[in-house]
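[1] Below are the sequence and a predicted model for it; my questions follow.
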Amino acid sequence: MPTICAKCQLVRPEDSTVPVWQCPGCGVAYNKAADASRAPLPSMNQWSRSQTPAGSGGGGFSWLRWMFVLALILGCYAGYQIAAKRGLTRESIGSLSSRLARDDGPEQLSALAAGTQPGDIFVFSADWCPNCREAKNWMDRYGFKYEQCDIDRDHGCRARLASLGGDGIPYLIVRGHHMRDGFDSREFVAAMRSK
């Protein structure tokens, strides 16, 4: 009966010059290749336990999990610090979200715009800014009166924006509410209704 290698499936030729126990094709010992092919593969559960670092107790957190938990805690703390810096409190978030939940139609927006006074809305913008154009077009569509300041044409305007902590445009001040993150129509309407 011919000998077949369990690893490379080579049939051993009769005139082979390598030892009888060794495959002439891949050089593996026939016994070891046959034992390896019959050995059952470990299950995922056995594999993960065998890969647990020494001294970790087998079932505890790995260092990677600890790093993830630490990063999550630091991220929450950083978010809290940013919210505190911007003056966001639980009460202000709750009242703003209740005002944002209103769904306003064109008639309500036009009526709200009719009640605007000079100085209620101030817009920092630039001609090249597409988001600025969209914000102004939206306000024009419903008749909101606003003052604007072009940061490219007026260096005093740019300095005032920087003094407010603004790092992007459009930056709107709507009845004292600073829209630092650009124009959002729901936030705008909520700020208009706040006073």
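    Here it is on my side, so go on.

[2] For Met179, grab phi and psi.
    Torsion angles at Met179 (phi, psi; degrees, to the nearest 10) stand at phi -100, psi 90.

[3] can you count the residues close to the residue lying closest to it once chain neighbours are set aside?
    Nearest residue to Met179 in three dimensions, chain neighbours excluded: Leu172, at 4.1 Å (C-beta to C-beta, 6 or more residues apart in numbering). (Glycine included, C-beta is placed from N, CA and C.) Using other C-beta atoms under 10 Å, the number of residues around Leu172 comes to 26.

[4] do Arg186 as well
    15.

[5] Counting neighbours, which bits of the strand or helix carrying Arg160 end up buried?
    Under DSSP states H and E, the secondary-structure element containing Arg160 is helix 155-163. Neighbour-count burial for helix 155-163 flags 157-158, 160-161 (criterion: 16 or more other C-beta atoms under 10 Å).

[6] Which helix or which strand is home to Phe122?
    Remark: Phe122 resides in strand 121-125, with elements defined by DSSP H and E.

[7] what's next to that strand, contact-wise?
    For strand 121-125, contacts defined as C-beta atoms under 8 Å, 6 or more residues apart in numbering pick out 132, 135-136, 139, 144-151, 157, 160-161, 166, 169-175.

[8] on that earlier part again, tell me which other helices or strands the strand or helix carrying the residue nearest to Met179 touches.
    Using DSSP H and E, Leu172 maps to strand 171-174. Using 3 or more C-beta pairs under 8 Å, 6 or more residues apart in numbering; DSSP states H and E, the elements in contact with strand 171-174 are strand 121-125, strand 177-179, helix 185-193.

[9] Tell me which of the ones you listed lies nearest to Gly105.
    For Gly105, the closest of the helices and strands packed on strand 171-174 is helix 185-193, at 11.3 Å, according to C-beta to C-beta.

[10] What residues sit buried inside that closest one?
    Neighbour-count burial for helix 185-193 flags 187-192 (criterion: 16+ other C-beta under 10 Å).

[11] and that helix, how far out from the chain's middle?
    Distance of helix 185-193 from its chain centroid, counting by C-alpha atoms, centre = their mean, to the nearest Å, is 26 Å.

[12] go on, stretch 132-143?
    Taking C-alpha atoms, centre = their mean, the mean C-alpha location of stretch 132-143 is offset from the chain mean by 29 Å.

[13] can you check stretch 142-161 too?
    A distance of 31 Å separates the centroid of the chain from that of stretch 142-161, by C-alpha atoms, centre = their mean.
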